[in-house]
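> build the 3D model from these lines:
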Amino acid sequence: MTNSALTATRYTDHAHQPNAVGQVTLDYDARFLRRKVVTLTDGRSVLVDLAQTTSLNQGGVLVLDNGDEIAVVAAPEPLLEITADDLTRVAWHVGNRHTPCQIEPGRLLIQHDHVIRDMLAKIGATTRDVSEPFTPEGGAYGMGRTHSHAH
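Reported below is the predicted structural model:
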């Protein structure tokens, strides 16, 4: 299927070795995969062939067949930064729409959505476009992804 000499068949949320032999930089959507060829920052290709679809997180590693590790890095991507005087109330509204959300002190980050942006303006939130790595909270029932109503 591929002429890739490197194959990763395992993933873990943290490194076991002090130095990764490579690095892959992927945006949020691309970090949700099971089987795919990815390109490392040095140009080499790796076939990722995991047992099940997995959410790769910033700081995790893909483990090659020989035990070496490839560091996973969250790529900067276009996001919507949300601030508000009552950020707790705004976070409730974002969560009520099942929108993946990165929660930080003083702000929230979500993927661009013009409908949610309009709703946020109506409830007094301020939004601005930013480009940053996106690492939203996992699901409430354990690590994983949340999905918008469009899933």
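> quick one: which helix or strand includes residue 115?
helix 114-122 (DSSP states H and E).
> what's that helix packed up against?
strand 76-83, helix 87-96, strand 126-133 (3 or more CB pairs under 8 Å, 6 or more residues apart in numbering; DSSP states H and E). For every residue, glycine as well, the C-beta is placed using N, CA and C.
> what residues of it count as buried?
116, 120 (16 or more other CB atoms under 10 Å).
> for residue 85, the count of nearby residues, please.
9 (other CB atoms under 10 Å).
> could you do the one 3 residues further on as well?
The tally of other residues near residue 88 (other CB under 10 Å) stands at 7.
> what's the answer for residue 19, then?
8.
> who does the nearest residue to residue 15 once chain neighbours are set aside form a beta bridge with?
Among residues not flanking residue 15 along the chain, residue 61 sits closest, at 5.0 Å (CB to CB, 6 or more residues apart in numbering). Beta-bridge pairing for residue 61 (DSSP bridges): residue 12, residue 71.
> which stretches of the protein have low pLDDT?
Within the chain, the stretches with pLDDT under 70 are 1-4, 139-151.
> in it, which strand has the most residues?
Longest strand of the chain, by residue count under DSSP state E: strand 45-55.
> returning to that earlier point: burial count for the residue nearest to residue 15?
So residue 61, with other CB under 10 Å, has 26 neighbours.
> so what's it up against?
The neighbours of residue 61, taking CB atoms under 8 Å, 6 or more residues apart in numbering as the test, are 11, 12, 14, 15, 16, 20, 69, 70, 71, 72.
> one more: residue 84?
So residue 84 contacts 90, 120, 123, 124, 125, 126 (CB under 8 Å, 6+ apart).
> and the two most separated of the residues you listed?
123 and 126 (10.9 Å; CB to CB).
> which SS state does the spatially most central residue of the chain fall under?
Residue closest to the average C-alpha location in the chain (CA atoms, centre = their mean): residue 28, at 3.3 Å. Of the three states, residue 28 takes coil under DSSP: H, G, I helix; E, B strand; the rest coil.
> same check, this time on residue 19
Residue 19 - assigned by three-state DSSP - is coil.
> for residue 26, see how far away it is.
20 Å (CB to CB, to the nearest Å).
> same thing with residue 48?
10 Å.
> repeat that for residue 37.
Taken as CB to CB, the span from residue 37 to residue 26 is 12 Å.
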